[in-house]
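1. got a predicted structure here, sequence first:
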Amino acid sequence: MTIQFPFDNSYATLPANFFARVAPTPVVAPQLIKLNRPLAAQLGIDADWLESPEGVEVLAGTRVPDGADPIAMAYAGHQFGHFTAQLGDGRAILLGEVVDRDGVRRDIQLKGSGPTPFSRRGDGRAALGPVIREYIVSEAMFALGIPTTRSLAAVITGERVQRETMLPGAVLTRIAASHIRVGTFQFFAAREDIVALKHLADHVIARHYPDAARAEHPYRALLDGVIARQARLVARWLLVGFIHGVMNTDNSSVSGETIDYGPCAFMDDYDPAKVFSSIDEQGRYAYANQPRITLWNLTRFAETLLPLLDADQNAAIEIAKASLAEFSEIFDTAYQAGLRQKLGLFTAQPDDGVLAQDLLAAMAANQADFTLTFRGLGAAELDSAGDAAVRAQFTDPAVWDAWAIQWRARLALEPQDAATRHTAMQAVNPAFIPRNHRVEAVIQAALTGDYAPFEALLAVLARPFEDQPDRADYADPPLLHERVSQTFCGT
Ligand code: AMP
Ligand code: MG
């Protein structure tokens, strides 16, 4: 067989306690349901070959490609605040890494590819619904410009998996800058294995934070780097109405990508307390709690690095505290800048934050749709029809009118002309997000073997900032009977 994946594996060369060597489990009747051809090209993999029977067998885990070194990664993690010293890839297997067209190293991982030594009581498999949800939402996040793992392919296995009912089994091929998590550091910290921690930190610095290697204190620079990327990431989530749903430390990537799409969802009407996940009973991972939880996770990360920050523990704690103290400002700066842009303000004035908060408060009190309201601001600024459309988002339109007077007074201070501003606003306020009811409908159709709605939704979400007049219904919020109030992780 010729070499189809240009593998260049680095994680598998780390010490043996970092992972378990394990091959994916073959499946009965693999069938490709979606291949991401542009992403295959980006990774230097021949898309036509991936669609061939041999390629599909690789994507299903039935055939191990040349150059792969399949492993399940070890990690620990705090799940809903409770620590488990051993989690690990229980249903995912890293085939290996490739260096993509831009010189970026990327993991190629199969998710749902059979049991591993970390499976505990799980079957190592994934059901079709969660695979489709992850495919759609991760690719939507990519198109929105938000750091994320990506989806190369989805296959069905021809086997059934037992969940609450019997469901079609599926495998997702996930692409990530790496699958190293806060929980990976916790795995070694819990074992007080400082040699391994140092090894892991050096690997992460070389791979994700090369500037830190040249810093005076590389491990402190690593901590600062992870804090900055995570702070900016969660700001991006808030700015598009995204709720991750399971921000456990094992689902928090040190590269700063969004990872592990489970019961995630975008909200329709704006509600800071919004929770979709059926298992998040306390609202720990509610929309507006996400920055606080990110800082909590980063604090767990900083704890694992203490032995590397300074030989003296008290000194190490002071360093970690100083770094963590930067989080709020990095987050606020990113979030406020993003909000300003959403309002069409491309210069800064002291009261911009208040203006934005006033709008959000009005939206929350008036069940305004998050995405349509911000998208509508661009049009509201241009003409009265646009204004009427946003106004209609508010149960009490007078609230909008009052806010709009303040907003227009502030816009008058902007140097840009209206047309330039309108273009800039449409580039930050998406028209299309993966609305929950659309995702659910796609999954229901797929369960009957109809993948056309899946393709249609992906095509719309690939261009979220463009008006697509023939697809305008994809921008609509759910009708009352279409509303999906809960999402499930389906593991
Ligand atoms: P999650 O919160 O979905 O990222 O998963 C948490 C942990 O449970 C990870 O260690 C997963 O590998 C493991 N896990 C989830 N689903 C399964 C499954 N079906 N079989 C084995 N392990 C699983
Ligand atoms: Mg996970």
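-> On my side now, so go ahead. Ligands and ions are numbered 1, 2, ... in the order given.
2. test my guess that residue 87 contacts residue 118.
-> Yes - Residue 87 is within contact range of residue 118, at 6.7 Å (criterion: Cβ atoms under 8 Å). From N, CA and C alone the C-beta is placed, and that goes for glycine too.
3. could you check the pLDDT of the closest residue to ligand 2 within the stretch 151-300 of the chain?
-> Across the stretch 151-300 of the chain, the shortest distance to ligand 2 (Cβ to the ion) belongs to residue 260, at 4.0 Å. For residue 260, the pLDDT comes out at 98.
4. ok, the one 3 residues further on next?
-> Here the pLDDT value assigned to residue 263 is 95.
5. could you number the chain from 47 rather than 1 from now on?
-> Noted, 47 is the first residue going forward, which turns the last one into residue 309.
6. gap between it and ligand 1?
-> 9 Å (Cβ to the nearest ligand atom, to the nearest Å).
7. contact partners for that residue?
-> Counting by Cβ atoms under 8 Å, 6 or more residues apart in numbering, residue 309 touches 291-292, 322-326, 533-536.
8. report the buried members of these.
-> 291-292, 322-323, 325-326, 533-536 (16 or more other Cβ atoms under 10 Å).
9. redo those as TSV? Include secondary structure, pLDDT and distance to residue 525.
-> Shown next, in TSV, are the buried ones among the contacts of residue 309 (DSSP: H, G, I helix; E, B strand; the rest coil; pLDDT from 0 to 100; distance: Cβ to Cβ, whole Å):
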residue	secondary structure	pLDDT	distance to residue 525
291	coil	97	24
292	coil	98	28
322	coil	95	18
323	strand	95	23
325	coil	94	27
326	coil	96	26
533	strand	87	19
534	coil	84	22
535	coil	77	26
536	coil	74	25
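10. dump the residues you listed into TSV; add distance to residue 476 as well.
-> Formatted as TSV, the buried ones among the contacts of residue 309 follow (distance: Cβ to Cβ, whole Å):
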residue	distance to residue 476
291	20
292	23
322	19
323	23
325	28
326	25
533	20
534	25
535	25
536	26
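11. and those residues near ligand 1, which?
-> 292, 535 (Cβ under 6 Å from any ligand atom).
12. next, give me the two most distant ones among the buried ones among the contacts of residue 309.
-> 326 and 536 (14.5 Å; Cβ to Cβ).
13. quick revisit: mind checking the SS state of the residue of the stretch 197-346 of the chain closest to ligand 2?
-> coil (DSSP: H, G, I helix; E, B strand; the rest coil).
14. correct me, but it touches residue 293?
-> No - Residue 306 is not in contact with residue 293 according to Cβ under 8 Å; the separation is 9.2 Å.
15. mutual contacts of those two, please.
-> With Cβ under 8 Å, 6+ apart, residue 306 and residue 293 have no common neighbours.
16. out of the contacts of residue 309, what pair is the most spread apart?
-> Taking Cβ to Cβ, no two of the contacts of residue 309 sit farther apart than 326 and 536, at 14.5 Å.
17. for stretch 187-196, buried residues please.
-> Quick answer for stretch 187-196 (16+ other Cβ under 10 Å): 187-190, 192-196.
18. kindly report the same for stretch 497-512.
-> Under 16+ other Cβ under 10 Å, the buried positions of stretch 497-512 are 497, 500, 503-504, 506-507, 510.
19. in the stretch 97-246 of the chain, which spans are strands?
-> With strands called from DSSP state E, counting those that start in this stretch, the stretch 97-246 of the chain shows them at 117-119, 123-125, 128-130, 138-145, 151-157, 172-173, 196-208, 212-222.
20. return the most buried member of those strands.
-> strand 117-119 (a mean of 25; mean count of other Cβ atoms under 10 Å).
21. who touches that one?
-> If you take Cβ under 8 Å, 6+ apart as the criterion, strand 117-119 is touched by 57-58, 64-68, 134-136, 138-140, 162-164, 225-226, 230.
22. with stretch 381-389 instead?
-> 281-282, 284-285, 337, 392, 394, 398-399, 401-402, 405, 420, 423, 453, 456, 470-471, 474-475.
23. out of the residues you listed, which sit inside helices?
-> Judged by DSSP state H, the subset of the contacts of stretch 381-389 located in helices is 281-282, 284-285, 337, 398-399, 401-402, 405, 420, 423, 453, 456, 470-471.
24. can you pick the most crowded of these?
-> residue 420 (26 neighbours; other Cβ atoms under 10 Å).
25. pLDDT wise, what is the residue nearest to that residue when sequence neighbours are not counted at?
-> Excluding the flanking residues, the one nearest residue 420 by Cβ to Cβ, 6 or more residues apart in numbering is residue 475, at 4.2 Å. Looking at residue 475, its pLDDT stands at 98.
26. how deep is residue 475 tucked in, by neighbour count?
-> Neighbours around residue 475, by other Cβ under 10 Å: 23.
27. rewinding a little: which residue packs closest to the residue of the stretch 197-346 of the chain closest to ligand 2, ignoring adjacent ones?
-> residue 297 (3.9 Å).
28. who's in contact with the residue in the stretch 397-537 of the chain positioned nearest to ligand 1?
-> Closest residue of the stretch 397-537 of the chain to ligand 1, Cβ to the nearest ligand atom: residue 537 (3.4 Å). Each residue near residue 537 by Cβ under 8 Å, 6+ apart is listed here: 137, 168, 176, 308.
29. adding distance to residue 479 and neighbour count, write those out as JSON lines.
-> What follows is the contacts of residue 537, written out as JSON lines (distance: Cβ to Cβ, whole Å; neighbours: other Cβ atoms under 10 Å):
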{"residue": "137", "distance to residue 479": "27", "neighbour count": "21"}
{"residue": "168", "distance to residue 479": "31", "neighbour count": "12"}
{"residue": "176", "distance to residue 479": "19", "neighbour count": "24"}
{"residue": "308", "distance to residue 479": "18", "neighbour count": "20"}
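30. just name the closest of those residues to residue 108, please.
-> For those, the nearest to residue 108 is residue 137 (16.1 Å; Cβ to Cβ).
31. residue ranges of each domain in the chain, please.
-> Following automatic domain parsing, one gets these domains for the chain: 57-222, 228-381.
32. for residue 417, which three-state class applies?
-> helix.
33. now, which of the contacts of residue 537 sits nearest ligand 1?
-> residue 168 (2.2 Å).
34. pretty sure that closest one is touching residue 138, no?
-> No - contact between residue 168 and residue 138 fails when scored by Cβ under 8 Å: they sit 10.9 Å apart.
35. restricted to helices, list the buried residues of stretch 187-196.
-> Those of the buried residues of stretch 187-196 lying in helices (DSSP H): 187-189.
36. just for this structure, where's the confidence low?
-> For the chain, the stretches with pLDDT under 70 are 47-49.
37. how about the residues of this structure by ligand 1?
-> Near ligand 1, when you scan the chain using Cβ under 6 Å from any ligand atom, you find 133-137, 164-165, 168-171, 292, 294, 297, 306, 308, 535, 537.
38. residue 232: what's it in contact with?
-> 121-124, 129, 131, 295, 346, 350.
39. where does the stretch 297-446 of the chain get nearest to ligand 1, residue-wise?
-> For the stretch 297-446 of the chain, Cβ to the nearest ligand atom, closest residue to ligand 1: residue 306, 4.6 Å.
40. spatially nearest residue to residue 212 (excluding sequence neighbours)?
-> Computed as Cβ to Cβ, 6+ apart, the closest residue to residue 212 that is not its neighbour in sequence is residue 206, at 4.5 Å.
41. does the one you found really touch residue 215, like I thought?
-> Yes - counting by Cβ under 8 Å, residue 206 does reach residue 215; the two are 6.3 Å apart.
42. pull the residues that contact stretch 139-146.
-> 51-58, 65, 68-70, 88-91, 104, 107, 110-111, 113-119, 151-156, 159-160, 162, 225.
43. and for stretch 246-258?
-> By Cβ under 8 Å, 6+ apart, stretch 246-258 touches 56-57, 60, 64, 151, 223-224, 226, 230-231, 234, 259, 264-265, 267-268, 270-272, 300-302, 351, 354.
44. thanks again, I'm all set now.
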